[in-house]
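Q: model this:
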Amino acid sequence: MEHTPVEGKGDNVSQELMVKPGVTPTDIVTKGVSQATVLRDIVEKQKIFTEIAGKKYLEVEAWEIIGAFYNVNACTDYVNPIKDDKENIVGYEAQVSLYKEGRIVGSAIMSCGLDEFPCQGKEGSAKHKAARSAAQTWAESKAYRMNFSWVVKLAGFEPVPAEEVMQAPPKAIAKGKPSKQQPADDIKHLRQQLHLKWKQLQEADSNIGSKKDFLKDKFGVESSTELTLEQTKEALKITDNWIRAASGGEASPEEKTKLVKELMATGKSSNEVREIFYSITNKKGGWTVKDLEKIRAQTLEAPEASSADGEAKDFLDELES
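A: Numbering: from 1, shown residues only. The predicted structure follows:
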């Protein structure tokens with residue numbers, strides 16, 4: 001499916017959560033506590049949560065309420081099919097972004113396989129429609145979580161959307177009631193992860209080759225559907241290691257401090273530096289050498305300023321905390 005990616009998006013931190021001039025951290029927390037109180041009353045009364053193992057997880061409608069507090073709404077950017085080694089569609093991947101006054105303040109990507117519970121009991125186009133819909137719902141919940149989980153925690157709920165932890169049909173997990181159902185370690189879900197991670201690896205290293213060749217050399221099979229659970233986990237671990245290696249390895253504290261210092265020397269504020277790190281890399285930590293190179297390539301370099309040493313180190317500690 002053709003789609004036009006929107007620049008500057010990823011699992012971004014919202015500008016709403018940044019401390020603005022004249023606004024103290026106490027002001028932000030006070031506002032959050034007030035919103036959490038209202039949220040808790042609505043969620044409990046309307047039962048828009050799922051209880052799993054004694055913990056309450058908010059459903060997407062509850063996360064949308066939090067977005068309304070900040071005048072933030074969600075919009076789907078794309079829904080793309082996920083194909084296996086034989087080019088069969090096995091699920092769908094969706095990206096949903098959060099908008100405030102026409103500006104992107106966050107986004108997330110999630111996938112739903114045709115074998116997952118939203119598709120059970122359905123056939124043909126109905127199964128594909130269910131997977132597309134679920135992928136969008138899960139991506140929307142995750143996007144809200146990346147920005148507003150702190151409000152949910154203040155309200156006394158788990159800061160993870162119900163859709164991310166549910167691995168059984170709604171009938172098996174009663175809405176607003178306790179359940180013994182636990183998140184499942186599903187081999188089919190792991191196979192989807194392997195497929196997505198291999199795509200990530202190929203983006204990091206164009207010479208890596210095909211997943212089919214890797215599976216044949218390592219495990220003697222041609223498709224991930226032939227792997228056992230343990231083999232799938234091993235393949236994921238190997239792929240993760242290769243991704244880290246292809247990304248240049250995690251940058252040292254000295255390298256990250258040097259870049260922060262360079263950015264601050266150009267007159268950028270701590271909020272501006274934070275947004276540069278988050279928006280360019282779509283990460284909130286674990287930056288690699290290549291991530292730093294990417295940031296430098298998209299920002300103005302400046303000579304080091306020794307007076308910025310201490311400020312850069314303090315800010316980096318806060319940025320990765």
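
Q: next one: stretch 80-90 to chain centre, how far?
A: 22 Å (Cα atoms, centre = their mean, to the nearest Å).

Q: all strands for the chain, in order.
A: Applying DSSP state E to the chain gives strands spanning 49-52, 55-58, 73-83, 89-100, 103-113.

Q: Give me the pLDDT for the residue nearest to V96 when sequence neighbours are not counted.
A: Excluding the flanking residues, the one nearest V96 by Cβ to Cβ, 6 or more residues apart in numbering is A139, at 4.0 Å. Yep, even glycine has a C-beta here, placed from its N, CA and C like the rest. Per-residue confidence for A139 comes out at a pLDDT of 90.

Q: Does A139 touch I109 like I think?
A: Yes: A139 is within contact range of I109, at 6.0 Å (criterion: Cβ atoms under 8 Å).

Q: still on that earlier bit, would you list the strands of the chain in TSV and tack on distance to T299, mean pLDDT and mean neighbour count?
A: Shown next, in TSV, are these (distance: least, Cβ to Cβ, whole Å; pLDDT from 0 to 100; neighbours: other Cβ atoms under 10 Å):
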stretch	distance to T299	mean pLDDT	mean neighbour count
strand 49-52	42	85	21
strand 55-58	37	89	21
strand 73-83	25	92	16
strand 89-100	23	92	21
strand 103-113	19	89	22
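
Q: Compile those into TSV and extend it with columns for distance to Q298.
A: Listed next are these as TSV, based on distance: least, Cβ to Cβ, whole Å:
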stretch	distance to Q298
strand 49-52	41
strand 55-58	36
strand 73-83	21
strand 89-100	20
strand 103-113	17
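
Q: so which of these gets nearest S206?
A: strand 73-83 (19.6 Å; Cβ to Cβ).

Q: Figure out how far the closest one is from the centre of its chain.
A: With Cα atoms, centre = their mean, you get 14 Å for strand 73-83.

Q: try stretch 192-212
A: From the chain centre to the centre of stretch 192-212 is a distance of 19 Å (Cα atoms, centre = their mean).

Q: cool, and stretch 138-156?
A: Centre to centre, stretch against its chain (Cα atoms, centre = their mean), the figure for stretch 138-156 is 11 Å.

Q: which parts of that stretch are buried?
A: 138-149, 151-152, 154-155 (16 or more other Cβ atoms under 10 Å).

Q: One more: stretch 120-134?
A: K127, H128, A130, A131, R132, S133, A134.

Q: quick one: which of those residues is nearest E164?
A: Checking the buried residues of stretch 120-134 one by one against E164 (Cβ to Cβ), the nearest turns out to be A134, at 11.5 Å.

Q: Pull the number of nearby residues for the residue lying closest to L229 once chain neighbours are set aside.
A: Nearest residue to L229, sequence neighbours excluded (Cβ to Cβ, 6+ apart): I187, at 4.7 Å. For I187, the neighbour count with other Cβ atoms under 10 Å is 16.

Q: Now do I187 against K233, distance only.
A: Distance of I187 to K233, computed by Cβ to Cβ, to the nearest Å: 9 Å.

Q: what does G54 give?
A: For G54, the distance to K233 - Cβ to Cβ - is 28 Å.

Q: what is the mean pLDDT for stretch 243-260?
A: 74.

Q: no no, stretch 217-226
A: On average, stretch 217-226 scores 85.

Q: Dump that stretch to PDB, keeping only the CA atoms.
A: What follows is stretch 217-226, C-alpha atoms only, in PDB (Å, rounded to 0.1, in the frame of the first residue of the first chain):
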ATOM      1  CA  ASP A 217      22.200 -21.200   7.200                       C
ATOM      2  CA  LYS A 218      21.500 -21.000  10.900                       C
ATOM      3  CA  PHE A 219      18.500 -23.400  11.400                       C
ATOM      4  CA  GLY A 220      18.200 -25.400   8.200                       C
ATOM      5  CA  VAL A 221      14.700 -24.000   7.400                       C
ATOM      6  CA  GLU A 222      13.400 -21.600   4.800                       C
ATOM      7  CA  SER A 223      10.600 -19.900   6.700                       C
ATOM      8  CA  SER A 224      10.100 -18.600  10.300                       C
ATOM      9  CA  THR A 225       6.900 -20.700  10.500                       C
ATOM     10  CA  GLU A 226       9.200 -23.800  10.700                       C
END
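
Q: can you pull the buried residues of it?
A: F219, S224.

Q: and it, how far out from the chain's middle?
A: The answer for stretch 217-226 is 29 Å, by Cα atoms, centre = their mean.

Q: Stretch 79-93 now?
A: On Cα atoms, centre = their mean, the centre of stretch 79-93 falls 20 Å from that of its chain.

Q: where does the stretch 51-200 of the chain have low pLDDT?
A: Along the stretch 51-200 of the chain, the parts satisfying pLDDT under 70 run over 166-186.

Q: before we move on, back to that, looking at G54 and K233 now, which is surrounded by more residues?
A: K233 (15 against 8).

Q: ok, now which ones touch the more buried one?
A: With contacts defined as Cβ atoms under 8 Å, 6 or more residues apart in numbering, K233 is in contact with L190.
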